[in-house]
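this is the structure alone, sequence omitted:
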């Protein structure tokens, strides 16, 4: 079965047809006469175990002095918290790009005054990650 997709790359839209191969065939989608109620799944929230620290939360919006992302990827782990004192070349976070884990290190010594991403966020090159003053 051919399926059509509209894909945007660098602001330019493309119409793509793809053939679905393998997998489980799905029944055709019928158009409902009345809109169905949205399905909301409950996601349990887990408190950090004793001895573990909670994931840092995003702080205030980034200024022009924030350290930018060097490449596109996903934030796997944040290794520091707001208020931590860091040394130059100290690992701050782990960024996964192209199935490789890359350490993002401090460009200067100072105090972390802002963390502008969360674990699991996808970032693009140049997006602010962290502010050190």
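Thanks, I have the structure now. If you're wondering where the values come from, they're calculated on a predicted model, not measured in any experiment.

what lies in contact with stretch 89-105?
Stretch 89-105 has contacts (Cβ atoms under 8 Å, 6 or more residues apart in numbering) with 67, 69-80, 86, 106, 112, 117, 123, 129-130. Quick note: C-beta positions are derived from backbone N, CA and C, even for glycine.

mind listing the strands for this structure?
2-9, 12-19, 67-68, 73-78, 85-86, 91-97, 100-105, 110-115, 122-123, 128-132 (DSSP state E).

which of those strands sits most buried?
Mean neighbours per residue, mean count of other Cβ atoms under 10 Å, is largest over the strands of the chain for strand 128-132, with a mean of 22.

partners of that one, with directions?
In the sheet, strand 128-132 lines up against strand 67-68 (antiparallel), strand 110-115 (antiparallel) (DSSP bridges).

could you dump these to TSV with mean pLDDT and distance to residue 98?
Converted to TSV, the strands paired with strand 128-132 look like this (pLDDT from 0 to 100; distance: least, Cβ to Cβ, whole Å):
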stretch	mean pLDDT	distance to residue 98
strand 67-68	92	18
strand 110-115	93	24
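
what about those, which gets the closest to residue 5?
strand 67-68 (31.2 Å; Cβ to Cβ).

which residues are in contact with that closest one?
Here strand 67-68 makes contact (Cβ under 8 Å, 6+ apart) with 92, 104, 106-107, 125-132.
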